[in-house]
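[1] Task: produce atomic coordinates for the following.
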Amino acid sequence: MSQSEKENQGSGEGKTQDMAIFSPPVVRSGAGALNRALFTKTVNLAAAAVNDNRLISKYRKELEHSKELLRQDRLSPIVNHPDKALADQGKKCLLLSPNVKAPEPETWGAALKEGVQKKELSVIPYELQLNYDYWTYHDIITSILPEELHDDIPSGFNTAGHVAHMNLRERYIPYKKVIAEVILDKTTNIRTVINKVDNVGAESEFRTFQYEVLAGPDDMQVQVTENACSFEFDYSKVYWNSKLEAEHRRLINMFEPGEVVCDVMAGIGPFAVPAGKKGVFVWANDMNPESNKYMQVAINRNKVSQFVRPFCEDGRTFIHHAADSVLEAHKKGEHVLIAPKPPSRAKKAPKPEPKRIDVPPTISHFVMNLPATAIEFLGCYRGVYAGHEDLFSAESGRKLPLVHVHCFSFKADDETPLNDICERITKYLGFRVKPGNPDVEGEVAVHDVRDVAPAKRMFCASFRIPREVAFAERV
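    Sure thing, here's the model as predicted:
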């Protein structure tokens, strides 16, 4: 090997750093208790001892540029000198790439050699001690689980405040306690880890689930913040999914201040409360008394009681009730008064009058976030505005409401999910629809929300209620 080749090797240009030496030891402890003490390792490296601390910044930059400096996640390349007496004097070292060997100058690059020649650096052996705290969740679990389970290591989970909610596959159940302990150790702000032991909705129409506590206390009273709103609830008694925040935000952004939104399956209010905060009137319903209770807590906590009205009814009957109730509120002149911002002290202007916002006569949006069965409720829109065709006359400028119905369908790259969703909407709505522009009667826009299983996705189908459906005679 030529001298230049050796220097290139030392500088990292001819050889990739072997970072496998930073992997944790293999600890196949099986399904037993987690022994954190077994996760210790000594990594033998070289270090550049800096004779004058004022030169640390200079040599850090030079050694970074020459790729001789250690670059490893969660490790600072600047460490105390391994000699305690020198460390007590404040002396520091720069950790070097594993390719650089202290007793082998031929592995040193040009920057390192120059520092040694100037007697500003000295290259010494360094024993780097790593322990359980250094490695990530994935590192530790990979070390513990047998190799045949490495292809799909449990990593994704819902969170609700301090609770991590796992849905472990059968083959990982023997390791559930160990997995939970590592999650607890490695995830900030998580104090309790639970595992779902049935399908959501399998035993409860309120989308609650049976669970077991794998680690931490059985404390399900949580607080979460989403879309600038604060919620507090008992996670074991209501439905909450942290992975739907983006979908909540997407629909909330469609709502305009002063409109009315009817949230048919509102849960604790992740659509309703943020919408109310932006000045949208919301008739928010959930049949679960616990959800209704915590929605009222959220309404008060976020100071949106002027805009958000909670209900606890069957969604099927609530659709007509909400349309009638909104119209009645409008006829009564119900409104909110918004106090304007006071003028600055520098301006001697009269105090402005509060802004009045009247409840409009019609609903602009219906939201139906119950993906397992919401499509089956669509027949309840028949006759929702029976006898009120005048509310949607050409002169009024009003459009019939948009319905946003969440549902599950196949995971596919072709038109299969769209066609499946449209066929089911057609069946339950009693009006033929096809994929297209939701502002065109009989057309549906289908938004891809998220994966929920290997062959299953969640979607949101949006369409305007057809006139034939809205104005049909009520039965």
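
[2] For the rest of this, base every contact and every neighbour count on C-alpha atoms.
    Fine.

[3] For the stretch 151-300 of the chain, which segments are assigned as helices?
    Here the stretch 151-300 of the chain has its helices, by DSSP state H, counting those that start in this stretch, at 176-186, 245-252, 272-277, 289-301.

[4] mind giving me JSON lines with the ones you listed and columns for mean pLDDT, distance to Ala329 and mean neighbour count?
    JSON lines is the format used below for these (pLDDT from 0 to 100; distance: least, C-alpha to C-alpha, whole Å; neighbours: other C-alpha atoms under 10 Å):
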{"stretch": "helix 176-186", "mean pLDDT": "95", "distance to Ala329": "50", "mean neighbour count": "21"}
{"stretch": "helix 245-252", "mean pLDDT": "98", "distance to Ala329": "23", "mean neighbour count": "16"}
{"stretch": "helix 272-277", "mean pLDDT": "98", "distance to Ala329": "17", "mean neighbour count": "28"}
{"stretch": "helix 289-301", "mean pLDDT": "97", "distance to Ala329": "19", "mean neighbour count": "21"}
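
[5] Turn those into a markdown table, including distance to Lys118.
    A markdown table is the format used below for the helices of the stretch 151-300 of the chain (distance: least, C-alpha to C-alpha, whole Å):
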| stretch | distance to Lys118 |
| --- | --- |
| helix 176-186 | 44 |
| helix 245-252 | 57 |
| helix 272-277 | 64 |
| helix 289-301 | 66 |
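
[6] Let's verify Ala37: helix, strand, or coil?
    helix (DSSP: H, G, I helix; E, B strand; the rest coil).

[7] That one touches Val27, doesn't it?
    No: between Ala37 and Val27 there is no contact under C-alpha atoms under 8 Å: 10.6 Å.

[8] Give the residue spans of the stretch 1-150 of the chain that score low on pLDDT.
    Across the stretch 1-150 of the chain, the ranges flagged by pLDDT under 70 are 1-18, 29-32.

[9] Grab the nearest non-local neighbour of the spatially most central residue of the chain.
    Closest residue to the average C-alpha location of the chain: Lys243 at 4.4 Å, with C-alpha atoms, centre = their mean. Excluding the flanking residues, the one nearest Lys243 by C-alpha to C-alpha, 6 or more residues apart in numbering is Asn158, at 6.8 Å.

[10] now that neighbour, which residues is it bridged with?
    Taking DSSP bridges as the rule, Asn158 bridges to His165.

[11] burial count for it?
    14 (other C-alpha atoms under 10 Å).

[12] Am I right that it is in contact with Leu244?
    No: counting by C-alpha under 8 Å, Asn158 does not reach Leu244; the two are 10.0 Å apart.

[13] Put the alpha carbons of the longest helix seen in the chain into CSV.
    For the chain, the helix with the greatest residue count under DSSP state H is helix 315-331. In CSV, the C-alpha atoms belonging to helix 315-331 read as follows (Å, rounded to 0.1, in the frame of the first residue of the first chain):
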residue,chain,number,x,y,z
GLY,A,315,-76.0,9.4,15.4
ARG,A,316,-78.8,8.1,13.2
THR,A,317,-81.4,10.3,14.8
PHE,A,318,-79.0,13.2,15.5
ILE,A,319,-78.6,14.0,11.8
HIS,A,320,-82.2,15.2,11.4
HIS,A,321,-82.2,16.6,14.9
ALA,A,322,-79.1,18.7,14.2
ALA,A,323,-80.5,20.1,11.0
ASP,A,324,-83.7,21.1,12.7
SER,A,325,-82.0,22.4,15.8
VAL,A,326,-79.6,24.7,13.8
LEU,A,327,-82.6,26.1,11.8
GLU,A,328,-84.5,26.7,15.0
ALA,A,329,-81.5,28.5,16.6
HIS,A,330,-81.2,30.7,13.6
LYS,A,331,-84.9,31.6,13.7
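
[14] Please name the residues that touch Lys119.
    For Lys119, the contact set (C-alpha atoms under 8 Å, 6 or more residues apart in numbering) comprises Asn51.

[15] Let me know the helix or strand that it is in.
    According to DSSP states H and E, Lys119 maps onto no helix or strand at all.

[16] hmm, back to that, which of the helices of the stretch 151-300 of the chain sits closest to Cys422?
    helix 245-252 (20.1 Å; C-alpha to C-alpha).

[17] Would you mind pulling the contact partners of that closest one?
    Glu226, Asn227, Pro270, Phe271, Pro274, Ala275, Val449.

[18] run the last query once more with 10 Å
    226-227, 244, 253, 261, 269-276, 278, 280, 365, 367, 369, 404, 447-450, 459-460 (C-alpha atoms under 10 Å, 6 or more residues apart in numbering).

[19] among those, which are in strands?
    Glu226, Val261, His365, Val367, His404, His447, Asp448, Val449, Arg450, Phe459, Cys460 (DSSP state E).

[20] Considering those, which possesses the most neighbours?
    Highest count within the ones in strands among the contacts of helix 245-252 by other C-alpha under 10 Å belongs to Val261, 30 neighbours.

[21] Report the contact partners of that one.
    Here Val261 is in contact with 252, 255, 271-272, 275-276, 280-284, 308, 322, 326, 362-367, 401-403 (C-alpha under 10 Å, 6+ apart).

[22] Tell me how far it lies from Ala412.
    The gap separating Val261 from Ala412 is 32 Å, by C-alpha to C-alpha, to the nearest Å.

[23] same check, this time on Asn300
    43 Å.

[24] what does Glu62 give?
    Taking C-alpha to C-alpha, one finds Glu62 at 51 Å from Ala412.

[25] And these two? Which one has more around it.
    Neighbours were counted for Glu62 and for Ala412 using other C-alpha under 10 Å; Glu62 has more, 17 against 12.

[26] need the contact list for the more buried one.
    Here Glu62 is in contact with Ile56, Glu68, Leu69, Ala110, Ala111, Leu112, Gly115 (C-alpha under 10 Å, 6+ apart).

[27] let's see it at 7 Å
    Ala111 (C-alpha atoms under 7 Å, 6 or more residues apart in numbering).

[28] Buried ones in the helix or strand harbouring it, by neighbour count?
    Applying DSSP H and E as the criterion places Glu62 in helix 56-65. Using 16 or more other C-alpha atoms under 10 Å as the test for burial, helix 56-65 gives Ile56, Tyr59, Arg60, Glu62, Leu63, Glu64.
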